[in-house]
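*Asks:* Quick one, structure for this:
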Amino acid sequence: MQETTNGQADSPKAAEDLAPLCVDLDGTLVKSDTLVDAVLVLARQDFRHVLRIPGWIAQGKASFKRHVNEAVKLNVAALPYNRELLEYLYHQHAEGRELYLATAADRVMAERVAAHLDIFAGVFASDGAVNLAGKNKLAAFRERFGDRFSYVGNASPDIPLLTACLDPMVANPTAGLRAGLKSAKVTPVRSFMDTSSPIKAWLKAIRLHQWAKNVLIFAPLILAHSWFAGSIVASLIAFVSFGLCASATYIVNDLLDLEADRQHARKRNRPFAAGNLSAISGVMVVALFLAISAGLALLLPVAAARLGQPLIEPMGFFGWLILYAFVTSAYSFLLKRVVMVDVIVLAGLYTIRIIAGAAATGIPISPWLGGFSIFFFLSLAFVKRFAELESLHSRGLAPANGRGYLVADIEQLRSFGTSAGYASVVVLTLYISAVDVRLYHHGVRLWLLLPVMLLWLSQLWLLASRG
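*Replies:* Residues are numbered from 1 along each chain as shown. A predicted model of the protein is given here:
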């Protein structure tokens, strides 16, 4: 039974009695905005095209969409479709109802989606000259169907169509659409919801669990036993600043990797790839996080000085934060696909956190700590790549992530990684034996760290070798 706008039940209708059903694409049939997705893929593939976007926009919306869709082809099979709506459309198609894809997206994109799904009798779309949205779309419907059509939409521009159609339906409706329909006293006969909790989605997007890496900022304070209010507050501010900056870079990376993530068995569930968060909101959060992160970095020396920590260089921590953001961005855009350079950069990013912690507190780090960090984190970077190749090798697959490593490199990576790990233990050994460790009342007990480190590193590589 189907609920009508007045809440009464209506008996099932034959296919020939049902009005043609027109379905919007962006935000409705597909949970994301295909134009924004295409621009992000364009930026990933060749950033020079992004410089041409202002000129394309100046030619009008419809022309802009045509240029973008001619420059890049999204994988329509991997788009985040609204599963509940798609199931309903398949059922309606099987019953013989006429379905039409009606979208403000460019016809090139719309026809590729229609060809993939193979359920639509026709396509209404922008053609490079006319942007088919709002009143333009309604006029096209009335020219083709008169007043006898049904429609599925999701956002405020769909209000004129939903108020004019026979059976208004919505899919993941925005707050603006709900308010507009309520004001127009229109009740959708169906709602197709395919989304997740925004809070859970954002927590997953900013990767809050990855903030654990930033605990390294506290290393200089802990190792120097500098338990002063100024040092502690400075480290805490630095921790939050680095965390926000890191989360912003994670979001940028996810936005640029949309196309690749959607074709990955696990990464396709990431919030932006799955369409549970909009790319536009992601860009806004990136700008907000970077602004707060920079503000905290600039505030840090002032806050520490007021708590009796005046030896901090005013721009020291801020400089390391900028370097971290720059290197992380370079890694996301290019360096992660350069063999060997990627692992060096990963190790360096961990070490930068320690150096930034030293800059935040004014506590110098020793060459021993620097040397240990480089070798130790280099081993962890190698084990990450080794584990990826070992997983592919066990399944008989070849690498397809563009990083440049081959399955044949497994043994060489194992050699590099284990050597770097044991080199970090050697540095620790030399430090304990050659340096006056007066900070510790029982310095000789530091020797107990060596078997712990050897056991942990050995087990790490053994487990990686076992898959």
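*Asks:* Distance across stretch 178-198, terminal residue to terminal residue?
*Replies:* Length of stretch 178-198, first residue to last, CA to CA, to the nearest Å: 18 Å.
*Asks:* ignore the last one, stretch 163-179
*Replies:* With CA to CA, one end of stretch 163-179 sits 13 Å from the other.
*Asks:* what does stretch 88-104 give?
*Replies:* Stretch 88-104 has its terminal residues 22 Å apart, counting by CA to CA.
*Asks:* residues in contact with it?
*Replies:* 15-16, 18, 20-26, 29, 65, 109-110, 113-114, 117, 119-126, 131-133, 137, 140-141, 151, 157, 190, 192 (CB atoms under 8 Å, 6 or more residues apart in numbering). From N, CA and C alone the C-beta is placed, and that goes for glycine too.
*Asks:* now for whichever strand or helix holds E388, which elements pack on it?
*Replies:* Assessed by DSSP states H and E, E388 sits inside helix 367-394. Counting contacts by 3 or more CB pairs under 8 Å, 6 or more residues apart in numbering; DSSP states H and E, helix 367-394 packs against helix 219-223, helix 341-361, helix 410-434, helix 449-465.
*Asks:* got those helices as TSV, with distance to W368 and mean pLDDT columns?
*Replies:* As requested, these are exported to TSV (distance: least, CB to CB, whole Å; pLDDT from 0 to 100):
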stretch	distance to W368	mean pLDDT
helix 219-223	10	89
helix 341-361	12	92
helix 410-434	4	91
helix 449-465	13	93
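*Asks:* circling back: how far off helix 341-361 does the helix holding E388 point, in degrees?
*Replies:* For helix 367-394 against helix 341-361, the angle by axes from the mean of the first three to the mean of the last three CA atoms, to 10 degrees is 150 degrees.
*Asks:* Y100 should be in a strand, yeah?
*Replies:* Yes. Using DSSP: H, G, I helix; E, B strand; the rest coil, the assignment for Y100 is a strand.
*Asks:* partner residues bridging it?
*Replies:* Beta-bridge partners for Y100, by DSSP bridges, are C22, G122.
*Asks:* That one - how many residues pack around it?
*Replies:* By other CB atoms under 10 Å, the residues close to Y100 number 21.
*Asks:* Now do the same for it: its pLDDT.
*Replies:* Note for Y100: predicted pLDDT of 96.
*Asks:* Out of the contacts of stretch 88-104, which end up buried?
*Replies:* The neighbour-count test (16 or more other CB atoms under 10 Å) marks 18, 20-26, 29, 65, 109-110, 113-114, 117, 119-120, 123-126, 131-133, 137, 140-141, 151, 157, 190, 192 as buried among these.
*Asks:* So which of those belong to strands?
*Replies:* Those of the buried ones among the contacts of stretch 88-104 mapping onto strands are L21, C22, V23, V123, F124, A125, S126, Y151, R190, F192, per DSSP state E.
*Asks:* Which two of the residues you listed have the greatest separation?
*Replies:* Farthest-apart pair in these is S126 and R190; separation 26.2 Å (CB to CB).
*Asks:* just to revisit the earlier point, of the helices and strands packed on helix 367-394, which stretch is the most buried?
*Replies:* helix 341-361 (a mean of 22; mean count of other CB atoms under 10 Å).
*Asks:* relative to helix 410-434, how tilted is it?
*Replies:* Comparing the axes of helix 341-361 and helix 410-434 via the same axes, to 10 degrees yields an angle of 30 degrees.
*Asks:* Pull helix 341-361 out as PDB, backbone CA atoms only.
*Replies:* Coordinates of each C-alpha in helix 341-361 appear next as PDB, following Å, rounded to 0.1, in the frame of the first residue of the first chain:
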ATOM      1  CA  VAL A 341      61.100   8.500  -0.500                       C
ATOM      2  CA  ASP A 342      57.700   7.700   1.000                       C
ATOM      3  CA  VAL A 343      59.100   5.700   4.000                       C
ATOM      4  CA  ILE A 344      61.800   8.400   4.600                       C
ATOM      5  CA  VAL A 345      59.100  11.100   4.700                       C
ATOM      6  CA  LEU A 346      56.900   9.000   7.100                       C
ATOM      7  CA  ALA A 347      59.800   8.500   9.500                       C
ATOM      8  CA  GLY A 348      60.500  12.200   9.200                       C
ATOM      9  CA  LEU A 349      56.900  13.200  10.100                       C
ATOM     10  CA  TYR A 350      57.100  11.300  13.300                       C
ATOM     11  CA  THR A 351      60.500  12.900  14.200                       C
ATOM     12  CA  ILE A 352      59.100  16.300  13.400                       C
ATOM     13  CA  ARG A 353      56.500  15.800  16.100                       C
ATOM     14  CA  ILE A 354      59.300  15.400  18.700                       C
ATOM     15  CA  ILE A 355      61.200  18.400  17.400                       C
ATOM     16  CA  ALA A 356      58.000  20.500  17.500                       C
ATOM     17  CA  GLY A 357      57.500  19.400  21.100                       C
ATOM     18  CA  ALA A 358      61.000  20.700  21.900                       C
ATOM     19  CA  ALA A 359      60.300  24.000  20.100                       C
ATOM     20  CA  ALA A 360      57.000  24.300  22.000                       C
ATOM     21  CA  THR A 361      58.700  24.000  25.400                       C
END
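*Asks:* From the contact counts, what lies against it?
*Replies:* Applying 3+ CB pairs under 8 Å, 6+ apart, one finds that helix 341-361 makes contact with helix 219-223, helix 229-256, helix 279-306, helix 316-333, helix 367-394.
*Asks:* just those helices: most buried one?
*Replies:* Stretch with highest mean neighbour count among the helices and strands packed on helix 341-361: helix 229-256 (a mean of 22; mean count of other CB under 10 Å).
*Asks:* hmm, back to that, among the helices and strands packed on helix 367-394, which is nearest L85?
*Replies:* Nearest to L85 among the helices and strands packed on helix 367-394 is helix 341-361; the distance by CB to CB comes to 40.3 Å.
*Asks:* Contacts only, for R262.
*Replies:* By CB under 8 Å, 6+ apart, the contact set of R262 is N75, A78, L79, P80, R268, A273.
*Asks:* tell me the domain ranges of the chain?
*Replies:* 21-192, 198-465 (the TED database).
*Asks:* Those: lowest mean pLDDT?
*Replies:* Lowest mean pLDDT within those: domain 198-465, at a mean of 88.
*Asks:* that older thread, need the helices and strands packed on helix 341-361 in a markdown table with distance to Q59, can you?
*Replies:* Putting the helices and strands packed on helix 341-361 into a markdown table (distance: least, CB to CB, whole Å) gives the following:
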| stretch | distance to Q59 |
| --- | --- |
| helix 219-223 | 54 |
| helix 229-256 | 25 |
| helix 279-306 | 22 |
| helix 316-333 | 28 |
| helix 367-394 | 44 |
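*Asks:* To Q263, which of the ones you listed lies closest?
*Replies:* helix 229-256 (14.2 Å).
*Asks:* Distance from the very next helix or strand once past the closest one to the middle of the chain?
*Replies:* In the C-terminal direction, the helix or strand that comes right after helix 229-256 (DSSP H and E) is helix 258-262. Relative to its parent chain, helix 258-262 has a centroid offset of 10 Å by CA atoms, centre = their mean, to the nearest Å.
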